[in-house]
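Novice: only geometry, no sequence info:
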C-alpha cells in the first residue's frame with residue numbers, strides 16, 4: 001500500500017497508482033466489508049453505504065464522528081464534500097473483482113449503445129413507425145436509509161416528476177420503509193422484501209410484476225442515483241414494438257462470474273447501472289406465474305440486475321444494447337457532463353448534481369440564467385462533482401479531477 005500512498009499524498013499520483021492503492025485497501029478490508037454489507041440497507045446498482053456503530057471501535061480505515069482512524073481518510077485527505085463522516089461507501093461490498101468487471105463492461109457498453117442509437121435513428125428516418133401511444137413506466141428500487149430517501153425525493157422532483165404525475169413512476173422499498181414516506185401506487189414498502197441488500201432482488205421482482213400487471217408498454221428500471229432524459233428515452237421506444245420480448249441496456253456484466261449462474265457467466269447480463277429497459281413481451285414472460293413465484297425465483301441475490309438477467313436468459317429473452325447512449329460509470333467533471341449531450345441515462349448522479357443536470361437539460365433560458373449558477377456551485381467544486389467523499393473507489397478520481405481543473 002505505502003509506495004502508492006506516498007505518491008498520492010505528494011500529488012504525484014497517477015491513475016495506475018490510485019487504482020493500485022484502492023485495490024490494496026479493498027483487499028485488506030474486504031472480509032470486514034463483506035460481512036457488514038449483508039446487514040446494510042442498500043440498492044443493487046450502487047455502492048454499499050456502510051453505517052458504523054458509534055459505540056464500537058471502527059475497523060482501520062473507518063471514520064467515526066470525525067475521528068481519524070489512520071486509514072482511508074489519512075490516505076485520501078480530509079472530507080470536503082459535506083459527507084457524513086460516520087459513513088463510508090464500499091462499492092459492491094468490497095468485492096474488487098465484481099466491481100472491476102462491471103465497470104469495464106459498462107464502459108464498453110456505452111459505445112455499443114451509442115452506435116445502436118445511431119443505427120435506429122437512421123432506420124427511423126426512413127420509415128414512419130405509425131405506432132400508437134405507448135406507456136413507459138419507470139421503476140425505482142429504494143431503501144429506508146435517509147441518504148437514499150433524499151436521492152429519491154430529488155428524483156421525484158426532477159426527471160421523475162412527469163412520470164409520477166401520469167401514474168407511471170413506481171418505487172419499491174422493503175418492509176421497514178417508514179409509512180410517512182409511502183404513497184399508494186407510487187412509493188411502497190413491500191411486506192415480503194428485506195430493506196437491506198438481501199431484499200434487492202425481491203424489490204426488482206416487485207417492480208417487474210407490477211409493470212406486467214399494469215400492462216405497460218415498457219419498464220425502465222433505475223436506482224435513485226440515475227438521471228433519465230425521459231423525453232428522449234420515450235422517443236427511442238416509440239420506434240420499437242413493445243410486444244416483442246426484449247431486454248435492453250448495457251449487456252456484459254457478470255461474464256465469468258459463476259455465482260450469477262451458468263447462463264449469465266457465459267453470455268453476460270444487463271449492467272443495471274445503465275438502467276434496464278424491458279418490453280411488455282419480456283415483462284409478461286417474467287411474471288407469467290405471478291409476483292410470488294418471481295420473488296421466489298430471484299431469491300436473496302444482492303445484485304438484482306443479475307437476478308433479472310438470469311431469469312431473462314432462462315426464458316430465452318434476448319439481451320440487447322439499448323439504441324441510445326447510456327452511461328453506467330460515474331462522470332466526475334462538470335465539463336464532460338455538459339459535453340455528453342447524447343447520453344440518455346446517467347448513473348451515480350448525486351442530488352445536487354441531479355438538480356443541476358435537470359435544469360441544464362430541460363430548463364428554460366431564463367432558468368439557466370437565473371438558477372443554474374447556484375445549482376452548479378452546490379453540485380461541483382473546482383469543476384468536479386461533490387458527494388463522493390465517503391466512496392473508497394471514486395474519491396481518488398474526484399481528487400484527480402480537481403487536480404486537473406483549470407478555472
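Specialist: Happy to help now that I have it. Since we're looking at a predicted model, the values are computed, not measured. Numbers count the residues shown, from 1 in each chain.
Novice: Roughly how far does the residue lying closest to residue 114 once chain neighbours are set aside sit from residue 158?
Specialist: Leaving aside its sequence neighbours, residue 114 sits nearest to residue 325 (Cβ to Cβ, 6 or more residues apart in numbering; 4.1 Å). Yep, even glycine has a C-beta here, placed from its N, CA and C like the rest. Using Cβ to Cβ, to the nearest Å, one gets 20 Å for the distance from residue 325 to residue 158.
Novice: Tell me which of these two has more neighbours.
Specialist: Taking other Cβ atoms under 10 Å, residue 325 and residue 158 do not tie; residue 325 has more neighbours (24 against 21).
Novice: Next, work out how far apart the more buried one and residue 115 are.
Specialist: 9 Å.
Novice: Same check on residue 214?
Specialist: Counting by Cβ to Cβ - residue 214 and residue 115 are separated by 32 Å.
Novice: So for those two, which sits in the more crowded spot?
Specialist: residue 214 (16 against 13).
Novice: now the closest residue to that one other than its chain neighbours, which residues is it bridged with?
Specialist: Leaving out its chain neighbours, the residue that sits closest to residue 214 by Cβ to Cβ, 6+ apart is residue 137, at 6.7 Å. Residue 137 has these beta-bridge partners by DSSP bridges: residue 219.
Novice: Any idea how many residues pack against residue 219?
Specialist: 28.
Novice: thought it was touching residue 275?
Specialist: No - counting by Cβ atoms under 8 Å, residue 219 stays clear of residue 275, with 10.3 Å between them.
Novice: Would you map the helices across the stretch 301-407 of the chain?
Specialist: 304-314, 334-339, 351-362, 365-370, 372-379, 395-404 (DSSP state H, counting those that start in this stretch).
Novice: again, but for the stretch 51-200 of the chain
Specialist: 72-76, 96-126, 146-157, 161-165, 200-214.
Novice: what's the pLDDT at the residue nearest to residue 114?
Specialist: Residue 325 carries a pLDDT value of 97.
Novice: Kindly report the same for residue 229.
Specialist: 98.
Novice: Give me the neighbour count for it.
Specialist: Residue 229 - counted by other Cβ under 10 Å - has 20 other residues nearby.
Novice: list the contacts for it?
Specialist: 159, 343, 344, 345, 361 (Cβ atoms under 8 Å, 6 or more residues apart in numbering).
Novice: Tell me which two of the residues you listed sit farthest apart.
Specialist: Maximum pairwise distance among those (Cβ to Cβ): 12.9 Å, between 159 and 343.
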